[in-house]
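J.: Fold the following for me, if possible:
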Amino acid sequence: MLPGNKVIITVALNGGMQQDREGAVVPKQPAEIGEAAARCYEAGASMVHVHARDPQGKNTGDAAIYGEIIRQIRARSPILIQTTNGIGVRRDPATGQFIWPTDKERLGLLDLDPQQDLFGIAGGSADFYNPEGGYPEEVPYVNSPALLRQTIQAVYAKNSALEYEIVEASSLHRLMRYANEGLFDRDRDNVWLLHGGGFGATPPGARNVLFNIDEGQRLFPRAIWGVTATGRDMFRIVTLGLSLSCDLVRVGFEDGIHLPDGSVARDNAEMVRAAAQIAALYGLQPASVAEARARFRI
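T.: Numbers count the residues shown, from 1 in each chain. Okay, here's the model as predicted:
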């Protein structure tokens, strides 16, 4: 377990769709991502969550680009690296229609060279409606049972940790069914639940998030649990989690660009510092990379 006065701060640096706006500069190319990760590490983050972009700044599942991102980050700091399993939707340049990555593309991100430290996947299908995150309209995003099952098996076979992004309690019960079927042990102490508010149709209110937290702890009592939210609600939900002694909080430009006072952050590191300042109000300090690594059992 983490020391009682520590919290893991993770920063989602860029997302798949987000662009520079209102003075917030989103890192897109490998060297930019590496530099941004180092600044976040110095500010107190022990983990970064990253998406890859092509040379034009569009999201990509290119394993070579992911590999270069990992090398660029590790050349500058020891921060833990978690890559997306979602890649992000793309638009057909001719029709403007959305194009979803295939399960094969997404599963390909499990075997990068060099290897990432940590993994993540949504615990169920979701409706991406997040204007501040680059999704100004409803975008259904499917996480098939086959994809989730294969990801769970592959990640635990690597002796790593897998973050389940939870936006509604049905995802928790889906995971519990898989555990009951023997896919994984519900009592393993690095089951990792990230509870989110404001994603798609889910409200960013405390009652919704609290229900998911309570249900997660009931079903997976030894789990690592954390919180995040979108847009201007990010730091409200982060504060809620910190007040409840969560294990982890996630901030960063993938989910929003506004600081607690409503001003726009220019760099992801500003968001990390803001999270650390709120944590201090509850007697909490940012966990080190070594402490985070120990908690994730990697």
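J.: okay, CA-based contacts and neighbour counts for the rest of this
T.: OK.
J.: For residue 36, what is the enclosing helix or strand?
T.: helix 30-43 (DSSP states H and E).
J.: what is the rounded mean pLDDT of the helix or strand hosting residue 150?
T.: Residue 150 belongs to helix 145-157 when elements are defined using DSSP H and E. Per-residue pLDDT values over helix 145-157 give a mean of 96.
J.: tell me which strands and helices the next helix or strand along the chain from it is in contact with?
T.: Later in the chain than helix 145-157, the nearest helix or strand by DSSP H and E is strand 162-166. The contact analysis (3 or more Cα pairs under 8 Å, 6 or more residues apart in numbering; DSSP states H and E) places strand 162-166 against strand 119-122, helix 145-157, strand 192-197.
J.: Compile these into a markdown table and extend it with columns for distance to residue 12 and mean neighbour count.
T.: A markdown table is the format used below for the helices and strands packed on strand 162-166 (distance: least, Cα to Cα, whole Å; neighbours: other Cα atoms under 10 Å):
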| stretch | distance to residue 12 | mean neighbour count |
| --- | --- | --- |
| strand 119-122 | 12 | 22 |
| helix 145-157 | 20 | 15 |
| strand 192-197 | 13 | 26 |
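J.: so what's residue 8 up against?
T.: 45-47, 247-249, 286-288, 292 (Cα atoms under 8 Å, 6 or more residues apart in numbering).
J.: Out of those, give me the one that has the most neighbours.
T.: residue 45 (32 neighbours; other Cα atoms under 10 Å).
J.: Within the helices and strands, which one has the spatially closest residue to it that is not a sequence neighbour?
T.: In space, residue 45 comes closest to residue 9 once its chain neighbours are excluded; the distance is 4.8 Å by Cα to Cα, 6 or more residues apart in numbering. Using DSSP H and E, residue 9 sits within strand 6-12.
J.: what's the answer for residue 127, then?
T.: strand 126-130.
J.: Tell me which residues touch residue 189, please.
T.: Counted by Cα under 8 Å, 6+ apart, residue 189 has contacts 222-224.
J.: Run through the helices of this structure in chain order.
T.: Counting by DSSP state H, the chain has these helices, from start to end: 30-43, 63-74, 103-108, 145-157, 169-180, 206-219, 234-243, 268-281, 289-296.
J.: count of neighbours near the residue lying closest to residue 27 once chain neighbours are set aside?
T.: Among residues not flanking residue 27 along the chain, residue 33 sits closest, at 5.2 Å (Cα to Cα, 6+ apart). By other Cα under 10 Å, the residues close to residue 33 number 23.
J.: List the strands paired with the strand holding residue 9, with their directions.
T.: If you go by DSSP bridges, strand 6-12 pairs up with strand 47-50 (parallel), strand 248-251 (parallel), strand 285-286 (parallel).
J.: Just the C-alpha atoms of the first one, please, in PDB.
T.: Listed next in PDB are the C-alpha coordinates belonging to strand 47-50 (Å, rounded to 0.1, in the frame of the first residue of the first chain):
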ATOM      1  CA  MET A  47       3.000   8.900 -14.000                       C
ATOM      2  CA  VAL A  48       2.100  10.200 -17.500                       C
ATOM      3  CA  HIS A  49      -0.700   8.900 -19.700                       C
ATOM      4  CA  VAL A  50       0.100   9.500 -23.400                       C
END
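J.: Can you give me the buried ones in that strand?
T.: Going by neighbour count (16 or more other Cα atoms under 10 Å), the buried part of strand 47-50 is 47-50.
J.: Please identify which of those residues is nearest to residue 20.
T.: residue 50 (15.9 Å; Cα to Cα).
J.: and that closest one, what does it touch?
T.: 12-15, 81-84.
J.: now stretch 99-110: how far from the chain's centre is it?
T.: Relative to the centre of its chain, stretch 99-110 is centred 17 Å away, using Cα atoms, centre = their mean, to the nearest Å.
J.: one step back: quick one: which of the contacts of residue 50 is most hemmed in?
T.: Busiest of those [other Cα under 10 Å] is residue 14, holding 28 neighbours.
J.: My guess is that residue contacts residue 251. True?
T.: No. Taking contacts as Cα atoms under 8 Å, residue 14 lies outside contact range of residue 251: 10.8 Å.
J.: Which pLDDT value goes with the residue nearest to residue 45?
T.: 98.
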